[in-house]
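Colleague: take this sequence and fold it.
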Amino acid sequence: MEKRGLNKQAKMLALLEEQEAKKKQMEEESKKEQEEKMAAIQEEVEKEEEEEEEEEEEEEEEEEEEDEEVEEEEPLERRRGEASTSKEIEIARIAQEWASHLELGEDREAGMAIPQEERGGRLRQKGTR
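Modeller: From the prediction side, this is the model:
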């Protein structure tokens, strides 16, 4: 009987060891999967950071180019001898010219609202005076 009891204990011990080995293997596989996922996430984060850095560098380069263009334009204006007041005067002149064109267009439009017969009569009256 003792032999049976020892066999039974040996089988139970073997089963426990087998279960423990399976449990350990599953834990290792789970840990490995987590490490792979973390590595993939880390790689993705690094890639995004690199892309952001590249975009920032490109934006900085574009801003520098725009600044250089502005700096190049300013000396040309100074060489021509134009001061900021002359620019303001030029802008005011152009605005006045546009306004006069608008007024002229409104006068023509108002004249077109008058029937042609009346316009013809008024022109004749002006001509006879």
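
Colleague: for residue 48, the count of nearby residues, please.
Modeller: Neighbours of residue 48 under the rule other CB atoms under 10 Å: 10. (Glycine included, C-beta is placed from N, CA and C.)

Colleague: oh, I was asking about residue 56
Modeller: Look at residue 56: counted by other CB under 10 Å, it has 10 neighbours.

Colleague: now do the SS call for it.
Modeller: helix (DSSP: H, G, I helix; E, B strand; the rest coil).

Colleague: so for it, what pLDDT did the model give?
Modeller: If you check residue 56, the pLDDT there is 94.

Colleague: also the one 5 residues further on?
Modeller: Model confidence at residue 61, expressed as pLDDT, equals 91.

Colleague: let's verify it: helix, strand, or coil?
Modeller: Applying three-state DSSP: residue 61 is helix.

Colleague: against residue 54, how distant is it?
Modeller: Distance of residue 61 to residue 54, computed by CB to CB, to the nearest Å: 11 Å.

Colleague: may I see the domains of this protein written out as residue ranges?
Modeller: Segmentation of the chain into domains, based on automatic domain parsing, reads 1-81, 84-129.

Colleague: check those domains for me: which has the lowest mean pLDDT.
Modeller: domain 84-129 (a mean of 74).

Colleague: where along the chain do the helices fall?
Modeller: Under the criterion DSSP state H, helices of the chain are mapped to 2-79, 84-113, 116-128.
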